[in-house]
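1. Below are the sequence and a predicted model for it; my questions follow.
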Amino acid sequence: MMIGGQIVDECKFYIVKIDIGSKQKYIFRSNRLKEIIGASKIIKFVSEKLGNEVLKYMKLSDKQFGKKEGSGNLNDGHRLFAAGGNSVYIFSSVDSAREFNGIFSKFVMEKFDGLELLLVIREFDIYNEKLIDIYDIMEKKLTAKKGKSENKFRRIGYGLTELCKSTRKPAVEIFHEKQNDEKFYASRESNDKLDFFSVIYKKHNKNKNDNYCIKIIGKEKGFQVEFEEDFIKKCGLNDDYNIPNEFKFTDKIDEIGGNSDNGGGYIGITCIDGNGMGKKIRSFNKRFDRVYRENIFEGNIEYIKEFNKLTEEITLCYENVFKETIAELIDNYENYAESIGYERNYVDKQAANIIPLRPIISAGDDIIFITNGKLSVDITKKFIKKITSREIAFESEENKEKLTVGVGVAIVKEKHPFFRAVKIAGELEENSKKKLKEIKNKYEIHGIGSYDASIIDWQLDRGNMMGDLSDIRTENYSDPDSEVQDKLAGRPYIIDEIDYGNKKTLNKKYKNNGDKLEYLKSAVNYNFYHFEKILNVIKQTNSRSNMKGFFRAMNSSKEDFKLFALKYNLQKTLNFYNNSKFDVYALKQPIYDAIDIMDLYAHVKGENGDD
């Protein structure tokens, strides 16, 4: 068979899969936003773009591997998949695969200190082995490699050098903060992250003596990557969200938090991950069963083409949702700016207004972003609704599925250790996924059918909570003296297209399951709709201080709760179903959640803003 003008073994190829270990630790070990963003962009570059540059250096094509149009021969492309943090390359000889690995590894080790690079090579018989199976085998090998510490280098300072606050490694560089001229010492790892940030956002000090920024030049047989504007834009390393000139992203965490004298000083860290993506990908893979039965080679070629289209479509969905969310924040700036401590700049036309959101990780359905703390839940809710409205054809073009997500939001003080905040947000995300699994199981047991929805959980940390999420919830959100350990918090909440406040809507949607309607409402527990309606009612009351008092004694007794509800007329105002038998005590948990967060909750569209 001819590939690139050369005759090769018609069966044997060698696949290289690349992954990065301990990504969150590498990105979030610092509280300096420039380092965090620089680290995230390094990972995106290494996992999605660097392989193409290595191929060019080797004088090999970086085109997608497959068949030439109108021909039975394969093209000379060496890229299998390279999107959403997923990089897989293919070679016709093991020597080429090893050379690729060697160049790639050397470059990363020289230029990106502290990055944990993982690579595996696997022989592949394209005529007799399914690429789907080989991919799973390689993924398991990479998983086994993760967390192993052999072959890691450590820089030792022998107690003679200053230590970098971010990495606790010996410092190699001294920087000065412009605002207060405060010194801070940076390790090689921190310096690499700051340099990469500077190159992408054109904030590099050209007077600084360096051998890294603007051009990355290898030694001897190494290769060079030019970080010019076109290259950065082509690689998607900059934040290209069509932002008007009068607005900008900030690289300072305290600017995202807002004015602490006006209720600011908090940031929100949102972690998002697609629900059931493994199952959805497996249903996508089943589409190729027939092709594989007929011809394994044709099945592999078809799978490469269609899987790349799928990953590109998913990535584009998330990118467009980011753009729409940011556009909505810009359009509604006047509505929320004052409430979060932001001030619109009318005088200095050169000073842009801060967007209260900063994307950090965007790799397919794996998303992390930082927001102003008071807006964090509302911004995240809007993002969720937008992404949940997107549909992707996994199993078939006729049976599209919504891109539902599990979400966690950690709301913390600006100075809170970033890595711990991200850890809590990740646990909240897993809590949301666990809730969805419980609901799905109930649906299956009771024969209601299938169910899928996006679910959100959040945690507000005012600086006095330590430990894992489960410990925090047990200690602060339950009655330790109660035999049943009643939960005070109602989270996580469901965000879907159903209006749970409208019984007619529910009856119409489930007209064939009328006898199961009451069970359906209990199965989903509380929808975000309930929480938000309760929050808006409570925020409008003139007795917010009394609300806080009740908040502290909410778990004392059911009778005290009902007296409180009667005093503030909650029985009537919170009766969303217009049901005379409605028991307000059933909303105890979302009432608790609303009082817990009411001082740190603002709407993008202003007070009580509706979507």
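-> On my side now, so go ahead.

2. give me the low-pLDDT residue ranges for the stretch 1-150 of the chain?
-> Low-confidence segments of the stretch 1-150 of the chain (pLDDT under 70): 1-10, 70-71, 84-85, 147-150.

3. so what are the domain limits for the protein?
-> 2-145, 171-239, 248-600 (automatic domain parsing).

4. any chance of these in TSV, plus mean neighbour count and distance to residue 164?
-> For every residue, glycine as well, the C-beta is placed using N, CA and C. Converted to TSV, the domains of the chain look like this (neighbours: other Cβ atoms under 10 Å; distance: least, Cβ to Cβ, whole Å):
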stretch	mean neighbour count	distance to residue 164
domain 2-145	18	9
domain 171-239	15	4
domain 248-600	17	15
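
5. mind checking pLDDT for residue 199?
-> Residue 199 is assigned 83 on the pLDDT scale.

6. Strands along the stretch 251-400 of the chain, start to end?
-> In the stretch 251-400 of the chain, strands defined by DSSP state E, counting those that start in this stretch lie at 266-274, 353-354, 357-363, 366-372, 391-396, 399-402, listed in chain order.

7. Okay, angle between the first one and strand 366-372 too, please.
-> Yep, that's strand 266-274 we're talking about. Strand 266-274 runs at 160 degrees relative to strand 366-372, counting by axes from the mean of the first three to the mean of the last three Cα atoms, to 10 degrees.

8. ditto for the third one
-> Computed with the same axes, to 10 degrees, the direction of strand 357-363 lies at 170 degrees from that of strand 366-372.

9. Contacts for strand 357-363 next, please.
-> 23, 27, 33, 36-37, 40, 43-44, 47, 84-85, 239, 249-250, 256, 318-319, 322, 325-326, 329, 367-372, 379 (Cβ atoms under 8 Å, 6 or more residues apart in numbering).

10. Quick check: mean pLDDT of that strand?
-> Strand 357-363 comes out at a mean pLDDT of 89.

11. Sheet-wise, list the partners of that strand with their directions.
-> Looking at strand 357-363 with DSSP bridges, its partner strands are strand 366-372 (antiparallel).

12. Give me the mean pLDDT for the strand it pairs with.
-> 93.

13. and what of stretch 336-345?
-> 78.

14. Convert the C-alpha atoms of that stretch to PDB, please.
-> Provided in PDB are the C-alpha atoms of stretch 336-345 (Å, rounded to 0.1, in the frame of the first residue of the first chain):
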ATOM      1  CA  TYR A 336     -25.600  43.800  37.900                       C
ATOM      2  CA  ALA A 337     -22.500  45.900  38.100                       C
ATOM      3  CA  GLU A 338     -23.400  48.000  41.200                       C
ATOM      4  CA  SER A 339     -24.700  45.000  43.100                       C
ATOM      5  CA  ILE A 340     -21.400  43.100  42.800                       C
ATOM      6  CA  GLY A 341     -19.100  46.100  43.400                       C
ATOM      7  CA  TYR A 342     -18.200  46.900  39.800                       C
ATOM      8  CA  GLU A 343     -18.200  50.400  38.400                       C
ATOM      9  CA  ARG A 344     -18.700  51.200  34.700                       C
ATOM     10  CA  ASN A 345     -15.900  53.400  33.500                       C
END
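
15. ok, back up a step: want to try JSON lines for the strands of the stretch 251-400 of the chain, with distance to residue 314 as columns?
-> Listed next are those as JSON lines, based on distance: least, Cβ to Cβ, whole Å:
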{"stretch": "strand 266-274", "distance to residue 314": "8"}
{"stretch": "strand 353-354", "distance to residue 314": "30"}
{"stretch": "strand 357-363", "distance to residue 314": "11"}
{"stretch": "strand 366-372", "distance to residue 314": "11"}
{"stretch": "strand 391-396", "distance to residue 314": "6"}
{"stretch": "strand 399-402", "distance to residue 314": "11"}
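
16. Compare those strands and give me the one nearest residue 415.
-> strand 266-274 (9.8 Å; Cβ to Cβ).

17. Listing partners with orientation, what would you give for the closest one?
-> Short version: by DSSP bridges, strand 266-274 pairs with strand 366-372 (antiparallel), strand 405-413 (antiparallel).

18. For the last one, C-alpha coordinates in PDB please.
-> By that I understand strand 405-413. Extracted in PDB, the C-alpha atoms of strand 405-413 (Å, rounded to 0.1, in the frame of the first residue of the first chain):
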ATOM      1  CA  VAL A 405     -24.000  18.200  32.500                       C
ATOM      2  CA  GLY A 406     -23.100  17.700  36.200                       C
ATOM      3  CA  VAL A 407     -22.000  20.900  37.800                       C
ATOM      4  CA  GLY A 408     -20.300  22.100  41.000                       C
ATOM      5  CA  VAL A 409     -19.800  25.700  42.200                       C
ATOM      6  CA  ALA A 410     -17.500  26.600  45.100                       C
ATOM      7  CA  ILE A 411     -18.000  30.100  46.300                       C
ATOM      8  CA  VAL A 412     -15.000  31.200  48.400                       C
ATOM      9  CA  LYS A 413     -13.000  34.200  49.500                       C
END
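
19. Please identify the helix or strand for the closest residue to residue 436 other than its chain neighbours.
-> Distances taken as Cβ to Cβ, 6 or more residues apart in numbering place residue 455 nearest to residue 436, at 5.2 Å, with adjacent residues excluded. In the assignment (DSSP states H and E), residue 455 maps to strand 454-460.

20. any idea of the angle that strand forms with strand 266-274?
-> Going by the same axes, to 10 degrees, strand 454-460 makes 150 degrees with strand 266-274.

21. which neighbours does strand 454-460 have in its sheet, and in what orientation?
-> As assigned by DSSP bridges, strand 454-460 forms pairs with strand 405-413 (parallel), strand 493-495 (antiparallel).

22. rewinding a little: distance to residue 606 added to the domains of the chain, as CSV?
-> Output for the domains of the chain, formatted as CSV (distance: least, Cβ to Cβ, whole Å):
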stretch, distance to residue 606
domain 2-145, 27
domain 171-239, 26
domain 248-600, 4
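
23. Run a quick check on residue 496 versus residue 388, I expect a contact.
-> Yes: Residue 496 lies in contact with residue 388 (Cβ atoms under 8 Å); the separation is 6.8 Å.

24. so what sits against both of these two?
-> 404, 453, 454.

25. I'd like those written out as CSV, with distance to residue 309 added.
-> CSV is the format used below for these (distance: Cβ to Cβ, whole Å):
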residue, distance to residue 309
404, 21
453, 26
454, 24
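
26. Minimum pLDDT in those residues, which residue is that?
-> Minimum pLDDT across those falls on residue 453, with 88.

27. any idea how far that one is from residue 267?
-> 27 Å (Cβ to Cβ, to the nearest Å).

28. Which of the strands paired with strand 454-460 comes out lowest on mean pLDDT?
-> strand 493-495 (a mean of 91).
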